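Student: 3D, please:
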Amino acid sequence: MTGTAIPIKTPNSLLPGDILKNGKSSVLKGRNVSGRNWKLRPQKRASSLVTKSAQNAKSKSWEKKMKEKELRRSLLEREKELKEEKRQSILEKKERRLENERRRMENEFKAASRSAQQLGKNADMKLKAMNKKQLRQIKKTRINTKTGAIEFVSAYAK
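Tutor: Numbering: from 1, shown residues only. Take a look at the predicted model:
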């Protein structure tokens, strides 16, 4: 097997029969072991790929690096802004919900206190005379720890 193979000096050197990007390679590589002489040099591995410049254009210019860095920085800044906006909107919704809850409790308390009866001197006699359904209707006032508003709760609630 005396071949006319050219030794590869660098991994990116161009050999006859290589597939180029423009696809104008009609020069055959040489005789393969299988006998098929039309096979071209396989370019599956990164080390055997033929590129325009040596070292696969690993080094970039300073301006290009700075431009990419600035682009990345602006992208991160925009992401941070969006996260902050989302957080602010969540906080505003929470505040609004708490305010609405507090107002609703106050209104409920006002409406209930207008229609409520107060137990006077003989409360124990009244309670003894009440049936189960009436006893369940008894409410007591309590301050809500979340909103700070006075609310009516069941007399048996903890």
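
Student: any idea how far Leu75 is from Leu82?
Tutor: Using Cβ to Cβ, to the nearest Å, Leu82 is found at 11 Å from Leu75. C-beta here means a position set from N, CA and C on the backbone, and glycine is covered the same way.

Student: who does the top helix by length along the chain touch, helix- and strand-wise?
Tutor: Counting residues, the longest helix found in the chain (DSSP state H) is helix 62-115. Counting contacts by 3 or more Cβ pairs under 8 Å, 6 or more residues apart in numbering; DSSP states H and E, helix 62-115 is packed against strand 150-154.

Student: contact partners of the strand it packs on?
Tutor: Applying Cβ atoms under 8 Å, 6 or more residues apart in numbering, the external contacts of strand 150-154 come out as 105-106, 108-109, 112, 136, 138-144.

Student: please pick the buried ones from the residues you listed.
Tutor: Met105, Phe109, Lys139 (16 or more other Cβ atoms under 10 Å).

Student: correct me, but the first one touches Thr147?
Tutor: Meaning Met105. Yes - using Cβ atoms under 8 Å, Met105 is in contact with Thr147, at 6.2 Å.
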